[in-house]
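[1] Got a predicted structure here, sequence first:
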Amino acid sequence: MNSFIHYIIAFGIAMLPVFELRGAIPYGVAMGLNFDLLFIVSVLGNMLPVPLIIIFIRNIFKWMKKRSEFLQKIALKMENRALLKSKLIKRYELIGLIILVAIPLPGTGAWTGALIAAMLDIRLKHAVPAILLGVIIAGIIITYISYGIGVFFGK
């Protein structure tokens, strides 16, 4: 398969909740993709949904709650999970948001950070740079784990 297609797949994986760049970077490593380009593609793919989540998720949740009991349960569950994770952000503000997004563990990441930013009414102009910094840090951690330390020292 053409390496261009693998970059497109990595970009798509990075956009997905749960997988994000934690899935995109290992995928790209397994496909033998270039470190620099893979990192950029993964960060961009991970960041693409962030402003959309921050802007629209509250309206989507309102619509879900009105639509059906099943969708209401899903929306409430997502809101409650976000609010449970928001303690770090409430305490440390934007630094907390960066840390939450930067920790490459399940239940953290850009999607969770954007959801919490929306729930806490953090303005887009403040949330997006904080989430971007967290995504970059997470990307460095995942790249380090996936490629090993040699990639940072040109080996």
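    Thanks, I have it. Just so you know, these numbers come straight off a predicted model, no measurement behind them. Numbers count the residues shown, from 1 in each chain.
[2] helices and strands of the chain: which one bottoms out on pLDDT?
    helix 87-92 (a mean of 86; mean pLDDT, DSSP states H and E).
[3] next structured bit after it?
    Downstream of helix 87-92, the first helix or strand assigned by DSSP states H and E is helix 94-102.
[4] Can you give the distance from the helix or strand following that following helix to the centre of its chain?
    Read in the C-terminal direction, the helix or strand following helix 94-102 is helix 110-119, with elements assigned using DSSP H and E. Here helix 110-119 is found 9 Å from its chain centre; the criterion is Cα atoms, centre = their mean, to the nearest Å.
[5] Helix 110-119 packs against which elements?
    Helix 110-119 sits against helix 49-67, helix 69-85, helix 94-102, helix 124-147, with contacts defined as 3 or more Cβ pairs under 8 Å, 6 or more residues apart in numbering; DSSP states H and E. (Glycine included, C-beta is placed from N, CA and C.)
[6] Among those, which comes closest to Ala30?
    If you check each of those against Ala30 by Cβ to Cβ, helix 124-147 wins as the nearest, at 8.7 Å.
[7] looking at the helices and strands packed on helix 110-119, which is buried most?
    helix 94-102 (a mean of 22; mean count of other Cβ atoms under 10 Å).
[8] gap between the residue positioned nearest the centre of the chain and Arg22?
    The C-alpha lying nearest the average C-alpha coordinate of the chain belongs to Ala110 (Cα atoms, centre = their mean; 2.3 Å). Ala110 sits at a distance of 10 Å from Arg22 (criterion: Cβ to Cβ, to the nearest Å).
[9] again with Thr112
    Counting by Cβ to Cβ, the separation of Thr112 from Arg22 is 12 Å.
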